[in-house]
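Enquirer: my questions concern the predicted model and sequence given below.
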Amino acid sequence: MALRNQRILISGAGIGGPALAFWLRRYGFEPTLIERAPAFRDGGYMIDVWGVGYDLVERMGLLPAALEAGYFIEHVRFVDEHGKRRSGFDGDLFRLALDGRFFSIPRGDLARLIFSKVEAETRFSTSVEGLREDAEGVEAHFNHGPPERFDLVIGADGLRSHVRECVFGPEKSYEKYLGYYAASFITQGYPHRDEKTYLSFSKPGRSIARYALRGGRSAFLFVFAKDRRIPSHETSRHKAILHQTFGQDGWETPEILARMDETDELYFDAVSQIRMPQWSKGRVALVGDAAHCPSLMAGAGSAFAMLGAYILAGELHKADGDHTKAFAAYERRMRPFIDKQQRDAERFAPSFAPRTGFGLFVRDTVLNLMKVRLLAIWFTRRNFANAFDLPDYS
Ligand SMILES: Cc1cc2nc3c(=O)[nH]c(=O)nc-3n(C[C@H](O)[C@H](O)[C@H](O)COP(=O)(O)OP(=O)(O)OC[C@H]3O[C@@H](n4cnc5c(N)ncnc54)[C@H](O)[C@@H]3O)c2cc1C
């Protein structure tokens, strides 16, 4: 049967969008990728790759390059105001528990690797302004240039998806705020480096972590509790909030805040999930965070975006482009897995940045127990397994 619905517009060149373009091209579709930013965005903190994420990096043929660009964390250490260890464990436990299939990589480096494999037209500084669907396809209106027709449109434009807003309605209907904010940036030449060590400093309700990257770079992650949402999208305001929240803290905090002031690329967003009753409507579907952001607490948003891309493209291929069949199968296959991962992440949120001194004490006690290696391996397998039986679409 001839392949239907070949012209596919993908909005968002983060992780899910390029991964989808990669698989669609492989199956003979013609994806066009648009990205609102003027250039490829390679910011973001370290992400861990294991389970289904590891399997997909491998299936895309990216594993050797990803391992070379990646890191093997040897120590996870939590310190006090004076830099003295309060708890921690050996990073190799994750690799042991996950049969060696575990590594860490800055989000931007993984995104760039995926993007480098995409053979599709990509337009930067381009965003969808409106979508009009009829029986034959979708007319897309952009922020510049004339409207264009596509057979299908996929929103891969992240937690704050505009395609979702256009087609499914306001974000507030789908966002579940978990009570925390996260911010991250990468800087060059930060003087304190603990190679192969994930180092974190916490006070009740807030924490800062740093990791030393190659080439003299360092990545930083802030997480803090906030009962109410912050209504601003301006980087200067975000920086002011980080100063307000962390400004009185010890350890290296003043130096880190000074570095943060110098950066142009600060990722700052609520730790939220997206929960939708449906991921597609007519000829439009969502993939990755736009559809089902699991939040930072799941530690696997990129893996799930890659998974959605793989399943959605695979189902379109299997159905010879019949979007009605493919969109339904995509959702049927993924939803039980995503629902469980979102529930687990929500449960885990309070222990990521405990809000009280007692909470920090409990966290330190649990982490110190990880010294008992057998217990740690059991704990890791039980809590971090995110295996998914990937269908074979080839
Ligand atoms: C620069 C950056 C840094 C990040 N850092 C972190 C981090 O430190 N910790 C963390 O937990 N998560 C971070 N994330 C989110 C993380 O990448 C995602 O949770 C995960 O990878 C899922 O990927 P995704 O492709 O669905 O969404 P994303 O990776 O968020 O990609 C979405 C893409 O869509 C683009 N976009 C947004 N709106 C439009 C529009 N209207 N039109 C066209 N394009 C649009 C965005 O610029 C982005 O490139 C970051 C995302 C970005 C973009």
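Expert: In hand now; what should we look at?
Enquirer: tell me the pLDDT at the closest residue to the ligand within the stretch 251-394 of the chain?
Expert: For the stretch 251-394 of the chain and the ligand, the shortest gap (C-beta to the nearest ligand atom) falls at G288, measuring 2.4 Å. All C-beta spots, glycine's among them, are computed from the backbone N, C-alpha and C. Residue-level confidence at G288 comes out at 98, pLDDT.
Enquirer: try H162
Expert: Looking at H162, the pLDDT reads 97.
Enquirer: quick one, what contacts it?
Expert: The contact partners of H162, by C-beta atoms under 8 Å, 6 or more residues apart in numbering, come to S11, R36, S127, V128, G155.
Enquirer: put the buried members of these into a PyMOL selection.
Expert: Entered in PyMOL, the line below selects the buried ones among these, by 16 or more other C-beta atoms under 10 Å:
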select buried, resi 11+36+127+128+155
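Enquirer: redo the contacts of H162 as CSV? Include distance to the ligand, pLDDT and secondary structure.
Expert: Listed next are the contacts of H162 as CSV, based on distance: C-beta to the nearest ligand atom, whole Å; pLDDT from 0 to 100; DSSP: H, G, I helix; E, B strand; the rest coil:
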residue, distance to the ligand, pLDDT, secondary structure
S11, 5, 98, strand
R36, 4, 97, coil
S127, 4, 97, coil
V128, 6, 97, strand
G155, 9, 98, strand
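Enquirer: let me know the closest of the contacts of H162 to G301.
Expert: Set against G301, the nearest of the contacts of H162 by C-beta to C-beta is G155 (15.4 Å).
Enquirer: now the element after the helix of greatest length in the chain, going C-ward?
Expert: When the chain is scanned for its longest helix (criterion: DSSP state H), the result is helix 323-352. Note on helix 323-352: by DSSP states H and E, the next helix or strand toward the C-terminus is helix 357-369.
Enquirer: can you check what angle separates that following helix from helix 323-352?
Expert: 100 degrees (axes from the mean of the first three to the mean of the last three C-alpha atoms, to 10 degrees).
Enquirer: then helix 357-369 to CSV, C-alphas only?
Expert: What follows is helix 357-369, C-alpha atoms only, in CSV (Å, rounded to 0.1, in the frame of the first residue of the first chain):
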residue,chain,number,x,y,z
GLY,A,357,16.0,19.6,58.6
PHE,A,358,14.5,16.3,59.6
GLY,A,359,13.9,15.4,55.9
LEU,A,360,17.5,16.1,55.1
PHE,A,361,18.6,13.9,58.0
VAL,A,362,16.4,11.0,56.7
ARG,A,363,17.8,11.5,53.2
ASP,A,364,21.4,11.4,54.5
THR,A,365,20.7,8.3,56.5
VAL,A,366,19.2,6.5,53.5
LEU,A,367,22.1,7.5,51.3
ASN,A,368,24.6,6.4,53.8
LEU,A,369,22.9,3.0,53.9
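Enquirer: gap between the host helix or strand of G308 and the chain center?
Expert: For G308, the host element (DSSP H and E) is helix 301-318. How far helix 301-318 lies from its chain's middle: 15 Å, per C-alpha atoms, centre = their mean, to the nearest Å.
Enquirer: which parts of the chain are helices?
Expert: Counting by DSSP H, the helices of the chain are 16-26, 51-59, 63-69, 92-97, 107-116, 162-168, 235-246, 253-262, 289-292, 301-318, 323-352, 357-369, 373-384.
Enquirer: which of the residues in the helix holding G308 are buried?
Expert: 301-317.
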